[in-house]
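Colleague: have a look at this prediction, sequence included:
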Amino acid sequence: MKALDRMPGFIELPEADIFLRPELRDGPDTAPVPLHLAVGIFDGVHRGHLCVIGAAVESSRGEGGRCGVLTFHPHPSRLFRPDDPTLLLMPAPMKNRRLFNAGVDYVVWKTFGPDFAALSAEAFLPALRSALPTLAGVYVGENFRFGRGRKGDLAALAASGEKLGVRVRGEPRLLHGGTPISSSRIRGCLQSGAVAEANELLGRPYATLSTVTRGKRLGRQLGFPTLNLPWSPELLPRFGVYAVSVRRPDDPPGNGLPTVANFGIRPTVEEGVEPRLECHVLAEDCPFSTGDRLLAEWLAFLRPEQRFESVDALRQRIGADAQEARAYFRVD
């Protein structure tokens, strides 16, 4: 997906990459239409984020304008806490894909460096308005903070917007089980293996995108051939066995094949390796092979990864895992 660094007369934000939704890529619309902008990190693009983004999309459609998302790279924690940064739930290309699926026209990735971090709260919205001359509305979560020292809040943003003629709308935090939905909450779920709860907070299955590579064929030797999917996320889910649905990225949701998968370092058969997702498709004939780009949707945590005393013990446990996954998917 090719990025633009500017759209003359419409978006001219220094140190930013602009991505367009697929329908606009062949002929970018640079007409001076109202721009409605959702602002935030939006890591994971969870249900709470979608409330903010949906408000921007709805307003833009109602006024014949365009909807954009302003997000940031690297995560601010990389600047403020370099020794303990926030580990992200998804890479940039997948985040762009989720945002476009939500109806966004443009995704603007602004570099979060020292100069931008030093911008005062009072100067934040005027700087955006200068870079985005058709800016009509800004949409954020009610807990949004901005400006040097995070001194700006929703009230300050609204006051600034009133002076500039820019509508500011803050969406209340969305609750699930009486607790706000947040990216940090989802991270905790994934690290503990609570993938089903993470999916409820996301509003869709947690998913990973990777290319099948040729492995050592150990799974085939054990009687359970696997698709080897190397994958290096910032945030590592809990090592273990999962029920997973696997499909090609452009296939319709719900068309994935039932799969039992292991994510981890395979301690019984290997030492000192990078984590890998290995998927054994439960269908009699697996249509995927080396080189295929696959989307794996994680549905249920079955058990933690463990070391077995022998390869035969590992084989027996994989068989039991496959049966448990079949029961989850209700397939023979």
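Modeller: Now that the structure is in, tell me what you want to look at.
Colleague: show me what counts as buried in stretch 108-116.
Modeller: For stretch 108-116, a neighbour-count test (16 or more other CB atoms under 10 Å) marks 108-110, 112, 116 as buried. Every residue, glycine included, has its C-beta placed from N, CA and C.
Colleague: what mean pLDDT does it have?
Modeller: Averaged across stretch 108-116, the pLDDT comes to 95.
Colleague: can you tell me what sits against it?
Modeller: Identification of contacts with stretch 108-116 by CB atoms under 8 Å, 6 or more residues apart in numbering yields 3, 11, 13, 15-19, 68-76, 78-79, 92.
Colleague: list the ones among these that fall in helices.
Modeller: 78-79, 92 (DSSP state H).
Colleague: now do the strand of greatest length in the chain, average pLDDT.
Modeller: Assignment by DSSP state E gives strand 293-304 as the longest strand of the chain. Per-residue pLDDT values over strand 293-304 give a mean of 97.
Colleague: now for it, which elements pack on it?
Modeller: helix 195-202, strand 206-211, strand 227-230, strand 240-247, strand 257-264, strand 276-281, helix 311-329 (3 or more CB pairs under 8 Å, 6 or more residues apart in numbering; DSSP states H and E).
Colleague: repeat the analysis, applying 7 Å as the threshold.
Modeller: helix 195-202, strand 206-211, strand 227-230, strand 240-247, helix 311-329 (3 or more CB pairs under 7 Å, 6 or more residues apart in numbering; DSSP states H and E).
Colleague: would you mind finding the most buried of these?
Modeller: strand 240-247 (a mean of 24; mean count of other CB atoms under 10 Å).
Colleague: strand partners (parallel or antiparallel) of that strand?
Modeller: Strand 240-247 pairs in its sheet with strand 257-264 (antiparallel), strand 293-304 (antiparallel), by DSSP bridges.
Colleague: let me have those strands in CSV, adding mean neighbour count as columns.
Modeller: Below are those laid out as CSV (neighbours: other CB atoms under 10 Å):
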stretch, mean neighbour count
strand 257-264, 23
strand 293-304, 19
